[in-house]
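Novice: Please work out how this folds:
(chains A, B, C and D)
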Protein chains: 2
Amino acid sequence: MPPSALPYRPHNHDACVARALADARTICQQHNARLTPTRERVLELIWQSHKPLGAYDVLAVLAEDGHNAAPPTVYRALDFLQQHGLVHRISSLNAFIGCTHAGESHNGMFLICRSCGNVLELTAPGVASAVTRAAAEESFRPDDVTIEVAGHCPRCVSEPGHDG
Amino acid sequence: MPPSALPYRPHNHDACVARALADARTICQQHNARLTPTRERVLELIWQSHKPLGAYDVLAVLAEDGHNAAPPTVYRALDFLQQHGLVHRISSLNAFIGCTHAGESHNGMFLICRSCGNVLELTAPGVASAVTRAAAEESFRPDDVTIEVAGHCPRCVSEPGHDG
DNA sequence: TTTGCTAATGTTATAATATTGCAAATTTCG
DNA sequence: CGAAATTTGCAATATTATAACATTAGCAAA
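Specialist: As a prediction, the model looks like this:
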């Protein structure tokens, strides 16, 4: 039996979040970019679980925080975080998830469980090269590659009905 | 020099549309599904070019037709067409495009030109199998695979500024 | 310390995309 | 025909995202 990937097994998620925030600080410093309180808070919220979060979900939590924010605040923070490779947008879900390979150059491929909602980000070199090759056969010059796979994660295949 | 794929070279596009409509009729018959006038008209509109069309673009043309339709009309027609494999939704664009492999079982991969807007749908067995393999390594059971590649098509790489 | 510049945020409004729910019409089929 | 199922019409509303412009914070030079 192969080891389950992170999102699918119990773990101290606070450690995930802490690591993500620490990495983000480092990366922003390297980029000479300012990880302001709002941006950091949004990143933290996005990282609250391995399930993607919608912009308006983030907005709602900010409101609970007492931060009277409007949509542009959230979208700007998310744009910033995306630009620095700290979060990804999952376009088939209109939602955002923390990048688990921040800092590394990577081609994300996302495995989205329809049952529990967790998303696993993979670096899949074989997939990336196959895509590149297929594009090259059409003389197409790729820029951004979106690969999103909806299905069922190992936990939900074996014991349906999870939500965590 | 490799031959340009269909969307990138001049062709009698009316023939594309006619073939798509004819195929659709056949497929719907096989599925015991009703290709009603609205559905057929929506399919025809989606096929007006090799550029994806938004739901509200379709709606606008229906309005010009004198068909006083509301959004649900369009979305229902599009759902129907998707269910029968006649159109695809490009989630990175929130738009729809005619399926060029209707009837065949296929895993679409879309090459989206950011310059001219044309979209080429490919069947890429190498990509499909790489994705399947990567998912299997995580014991993930894929259901739907979305592969969308944004970039520049051969025509726009060699002579930027196209729109057709 | 003021001044001036840039990046970041606030604020209001609105655009763009998509769905819900119910009633009416149409088609299918016994 | 008449009952059941499918399709459509329609109004309202939900959800996601951006435009436009005013304001403030951070920071460096005069």
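
Novice: so for the strand ranked longest in chain A, what's the average pLDDT?
Specialist: Using DSSP state E, we find that the single longest strand of chain A is strand A:141-152. The average pLDDT within strand A:141-152 is 97.

Novice: just checking, what packs against that strand?
Specialist: On a contact count with 3 or more CB pairs under 8 Å, 6 or more residues apart in numbering or on different chains; DSSP states H and E, strand A:141-152 meets strand A:108-113, helix A:125-137, helix B:125-137, strand B:141-152. Quick note: C-beta positions are derived from backbone N, CA and C, even for glycine.

Novice: so where's chain A shaky on pLDDT?
Specialist: A:1-3, A:160-164 (pLDDT under 70).

Novice: Could you identify the helix or strand that succeeds the longest helix seen in it?
Specialist: Longest helix of chain A, by residue count under DSSP state H: helix A:13-30. Next along the chain after helix A:13-30, taking DSSP states H and E as the criterion, comes helix A:37-46.

Novice: ok, residues contacting that next one?
Specialist: A:17, A:20-21, A:24, A:35, A:53, A:58, A:61-62, A:65, A:67, A:69, A:73-74, A:77-78, A:80-81, A:86-87, A:96-98 (CB atoms under 8 Å, 6 or more residues apart in numbering or on different chains).

Novice: just stretch A:68-80 next, same as before
Specialist: So stretch A:68-80 is contacted by A:33, A:38-39, A:42-43, A:46, A:55-56, A:58-59, A:62-63, A:87, A:89, A:96 (CB under 8 Å, 6+ apart).

Novice: what's the answer for stretch A:128-137, then?
Specialist: Counting by CB under 8 Å, 6+ apart, A:107, A:109, A:141-142, A:145, A:147, B:2, B:109, B:111, B:122, B:124, B:126-127, B:129-130, B:147, B:149, B:151 sit against stretch A:128-137.

Novice: How much space separates A:Ala5 from DNA strand C?
Specialist: According to CB to the nearest atom of the strand, to the nearest Å, A:Ala5 and DNA strand C sit 29 Å apart.

Novice: Verify the stated contact: that residue with B:Glu138.
Specialist: Yes: at 5.4 Å, A:Ala5 counts as touching B:Glu138 under the criterion of CB atoms under 8 Å.

Novice: distance of A:Ser91 from A:Ile97?
Specialist: To A:Ile97, A:Ser91 is 12 Å away according to CB to CB, to the nearest Å.

Novice: now the residue positioned nearest the centre of chain A, nearest residue through space, not along the chain?
Specialist: The residue lying closest to the centre of chain A (CA atoms, centre = their mean) is A:Ile97, at 2.6 Å. Leaving aside its sequence neighbours, A:Ile97 sits nearest to A:Pro52 (CB to CB, 6 or more residues apart in numbering or on different chains; 4.2 Å).

Novice: In the helix or strand harbouring A:Val58, which residues are buried?
Specialist: Counting by DSSP H and E, the element that carries A:Val58 is helix A:55-64. Counting neighbours by 16 or more other CB atoms under 10 Å in any protein chain shown, one finds that the buried residues in helix A:55-64 are A:55, A:57-59, A:61-62.

Novice: DNA strand D: which of these is nearest?
Specialist: A:Ala55 (4.4 Å; CB to the nearest atom of the strand).

Novice: Now that the closest one has come up, it's in contact with A:Arg89, right?
Specialist: No: between A:Ala55 and A:Arg89 there is no contact under CB under 8 Å: 9.4 Å.

Novice: Report the set of residues contacting both of those two.
Specialist: Joint contacts of A:Ala55 and A:Arg89 (CB under 8 Å, 6+ apart) are A:78, A:95-96.

Novice: Save those residues as CSV, and put in secondary structure and neighbour count too.
Specialist: As requested, the shared contacts of A:Ala55 and A:Arg89 are arranged in CSV below (DSSP: H, G, I helix; E, B strand; the rest coil; neighbours: other CB atoms under 10 Å in any protein chain shown):
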residue, secondary structure, neighbour count
A:Leu78, helix, 21
A:Ala95, strand, 21
A:Phe96, strand, 24
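
Novice: Among those, which ones lie close to DNA strand D?
Specialist: Among the shared contacts of A:Ala55 and A:Arg89, the residues lying close to DNA strand D (CB under 7 Å from any atom of the strand) are A:Ala95.

Novice: May I see the shared contacts of A:Ala55 and A:Arg89 organised as JSON lines, with distance to B:Arg9 added?
Specialist: Formatted as JSON lines, these follow (distance: CB to CB, whole Å):
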{"residue": "A:Leu78", "distance to B:Arg9": "39"}
{"residue": "A:Ala95", "distance to B:Arg9": "38"}
{"residue": "A:Phe96", "distance to B:Arg9": "39"}
